[in-house]
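S.K.: Sequence first, then the predicted structure, then my questions.
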Amino acid sequence: MAHDHHHHDDEHEHAALPDTLLRTKALESLLTEKGLVDPRALDELIDTYEHRVGPKNGARVVARAWVDPQFKAHLLADGTDAIKQFGFDGRQGKDMVVVENTPQVHNMVVCTLCSCYPWPVLGLPPVWYKSSPYRSRAVIDPRGVLAEFGVTLPATVEVKVWDSTAEVRYLVLPMRPEGSETLSEEQLAELVTRDSMIGTGLPRAPGTAV
Amino acid sequence: MRVLQRENVQEVLRVGDSARVASDAPARFKPGDAVRTRNFHPPGHTRLPRYARAKRGVVAISHGVFVFPDTHAATGDKKPQHLYSVQFTMRELWGEGASDIDTVHIDLFDDYLEPA
Amino acid sequence: MNGAHDMGGMHGFGPIAPEPDEPVFHAAWERRVFALTVATGFGGEWNIDMGRFARESTDPAIYLRSTYYEKWLHGLQHLLIERGHVSEAEIEQRMAQLAAREEGGKA
C-alpha cells in the first residue's frame, strides 16, 4: 500500500482495528438508509455529552454543599431531589445517592460489572473507570487503587467501596479542603476534581495550580 | 422501532431512564438486618456479582422498589422489588489477609437475599 | 451469567494508568458508536438490561481484549442482528463497499 494516512483525523482513526472503524461506518450507513436512526439526533447526542455535560456540574453541587449546611443535609438525605432542584437531571442519574467523606470514612465508587456512572453530574466516565484494572481491583484492593492515584489514607479510616450494581448512581461528597474558608462558592467549585467525586482522588488544595 | 429525532433528544435525555417503580410492596428487609446472598449462577443476566454470592452482609440502605434486571433482561418482565445497599466486610468477601476495617457496599435485590 | 464482565476481584489486569486530561471520545468512530447505541436504545425494542446482557454475551476472549466502545459495538450489533434489523452479511458487504470507495479515493 503506497499511501495510508493523509489527515490528522485519520491517524487517530487508524489506531483502532481497521475492522472497527469500517464496521461503525457501515452500521451507521445501513441504519440511516433503513430509516432507523436520524443522523442529526446522533450529532445532538454527541454534542450533549462531549461539550455540555461534565464534572463541572458535580463540582457546583459539592461547592454548594460546602457553603450551605441545609443544602448539604438535603443532598445526603435525598440526593435525587437535591441535585434535580439544583438543576441537574437526566439519563443515568435519575436515582442518586450522595455519600460523604469524613475523617473516619472515605468513599470510592465503581461498577465492577460494566461502567455505571452518574452522567448528569459527572458526564461520561473516563477510560480507566470503565477498564478491567479498576473494575477488578476496586473491590478487592481499594487502598492499592488509591495509592496508584497518589492517595494514602490512615489505617484507621474506613474505605467504603460502592459497587453500582443497580440503577442507583453514587456521587462522593469530598471533604472541604483546609484553608478554603475565604473562597467564594465559584472558587470552591474549581477545587473539586472529577476524581474526588468518584472517590479516587481528593479535592485540590486552595492556591494549587490547575 | 421508534426513531429518535433530533428535536426530541434533550427532552428524552431529561426524562431519562429511572428504573424506580411506585409500589406498596413490603420490603423483606430493613437497614440493620443481617442477610446472606444466594448461591446461584444463572446463565442469563444478573447483577449479583460472583464475588458476593453466598456471603453475609448487613443492610445499610433501603433504596425502594425498582425494576428487577434479571427478569427484565430475559423477558421484559419488570418484577418490581425492593433494592438495598448491603454492606460486606472485606474479610467476609476475600478472607485471609483482607482488611479488617474496609467494606464494600453492593446494591442488591430482594430476590438475591435470604435472612442470615 | 458467569461471564468475563463479572470481574470484581480478578487479578492480572495490570496498572490502572489514568490518562491525564483525557478527551471524552478518543476517536470519531467512538462518538458514532456511543450515539448509535443511545439512540437505538430509545427505540423500544430492547431495554437497558437487555442491552447490558448483549455486551456480556460477547465471547469472553473478545470482550477482554476489546476497548470500551468496541464492547458497545459488539453489543449493538448483537441486538440489531438478533431482531433482524441488519445481518452480518449486509454489514460486511457495506464494509467492503466503503473500503473500496476509500481505496478508490486514494488512487
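M.R.: Great, that's in hand. Numbering: from 1, shown residues only, chains lettered A, B, ... in the order given.

S.K.: What is the three-state secondary structure of B:V65?
M.R.: The assignment at B:V65 comes out as strand when based on DSSP: H, G, I helix; E, B strand; the rest coil.

S.K.: Disregarding residues adjacent in the polypeptide, which is nearest to it?
M.R.: B:S23 (4.1 Å; C-beta to C-beta, 6 or more residues apart in numbering or on different chains). C-beta coordinates here come from the backbone N, C-alpha and C atoms, glycine included.

S.K.: I'd say that neighbour and B:P80 touch.
M.R.: Yes: under the criterion of C-beta atoms under 8 Å, B:S23 makes contact with B:P80 at 5.4 Å.

S.K.: Need the overlap of contacts for those two.
M.R.: Jointly contacting B:S23 and B:P80 under the rule C-beta atoms under 8 Å, 6 or more residues apart in numbering or on different chains are B:V65.

S.K.: More neighbours: which of these two?
M.R.: Here B:S23 and B:P80 are compared on neighbour count by other C-beta atoms under 10 Å in any protein chain shown; more neighbours surround B:P80, at 21 against 12.

S.K.: Now the strand or helix carrying A:N107: buried residues?
M.R.: Using DSSP states H and E, A:N107 falls within strand A:105-110. Using 16 or more other C-beta atoms under 10 Å in any protein chain shown as the test for burial, strand A:105-110 gives A:106-110.

S.K.: Report the two of those residues separated the most.
M.R.: Greatest spacing in the buried residues of strand A:105-110, by C-beta to C-beta: A:H106 and A:V110 (13.6 Å).

S.K.: what's near enough to touch the residue nearest the centre of chain C?
M.R.: The centre of chain C sits closest to C:L73, judged by C-alpha atoms, centre = their mean, with a distance of 1.7 Å. Shown in contact with C:L73 (C-beta under 8 Å, 6+ apart): A:20, A:23-24, A:27, C:33.

S.K.: try 7 Å this time
M.R.: Listed by C-beta atoms under 7 Å, 6 or more residues apart in numbering or on different chains, the contact partners of C:L73 are A:20, A:23-24, C:33.

S.K.: Quick check: residues of chain A near chain B?
M.R.: A:35-38, A:40-41, A:44-45, A:48, A:89-92, A:94-95, A:112-113, A:139-140, A:142, A:158-168 (C-beta under 7 Å from any C-beta of the partner chain).

S.K.: Any quick PyMOL command for the buried ones out of these?
M.R.: Buried residues among the residues of chain A next to chain B (16+ other C-beta under 10 Å), as a PyMOL selection:
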select buried, chain A and resi 36+37+38+41+44+45+48+89+90+91+92+94+95+112+113+139+140+142+159+160+161+162+163+164+165+166+167+168
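
S.K.: Please tell me how far stretch A:195-210 is from the chain's geometric centre.
M.R.: Counting by C-alpha atoms, centre = their mean, to the nearest Å, stretch A:195-210 is centred 13 Å from the centre of its parent chain.

S.K.: Buried residues in that stretch, which are they?
M.R.: So stretch A:195-210, judged by 16+ other C-beta under 10 Å, has buried residues A:195-204, A:206.

S.K.: Check stretch C:79-88 too.
M.R.: Of the residues in stretch C:79-88, C:79-80, C:85-86 count as buried by neighbour count, 16+ other C-beta under 10 Å.

S.K.: Just send those back as TSV, with secondary structure too.
M.R.: Shown next, in TSV, are the buried residues of stretch C:79-88 (three-state DSSP):
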residue	secondary structure
C:L79	helix
C:L80	helix
C:H85	coil
C:V86	coil
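
S.K.: what's the farthest-apart pair in those residues?
M.R.: It's C:L79 and C:V86 that sit farthest apart of the buried residues of stretch C:79-88, by C-beta to C-beta, at 10.2 Å.

S.K.: Overlap of the contact sets of these two?
M.R.: In contact with both C:L79 and C:V86: no residue, using C-beta under 7 Å, 6+ apart.

S.K.: List the contacts of stretch C:36-43.
M.R.: So stretch C:36-43 is contacted by A:27-28, A:31, A:36-37, A:41-42, A:45, B:1-2, B:4, B:12, C:48, C:51, C:72, C:76 (C-beta under 7 Å, 6+ apart).

S.K.: Using PDB, write out every CA atom in that stretch.
M.R.: The C-alpha trace of stretch C:36-43 is given here as PDB (Å, rounded to 0.1, in the frame of the first residue of the first chain):
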ATOM      1  CA  LEU C  36     -26.000   4.900  17.700                       C
ATOM      2  CA  THR C  37     -26.300   2.800  20.900                       C
ATOM      3  CA  VAL C  38     -28.100   5.500  22.900                       C
ATOM      4  CA  ALA C  39     -30.400   6.500  20.000                       C
ATOM      5  CA  THR C  40     -31.400   2.900  19.200                       C
ATOM      6  CA  GLY C  41     -31.800   2.200  22.900                       C
ATOM      7  CA  PHE C  42     -34.700   4.500  22.900                       C
ATOM      8  CA  GLY C  43     -36.300   2.600  20.100                       C
END
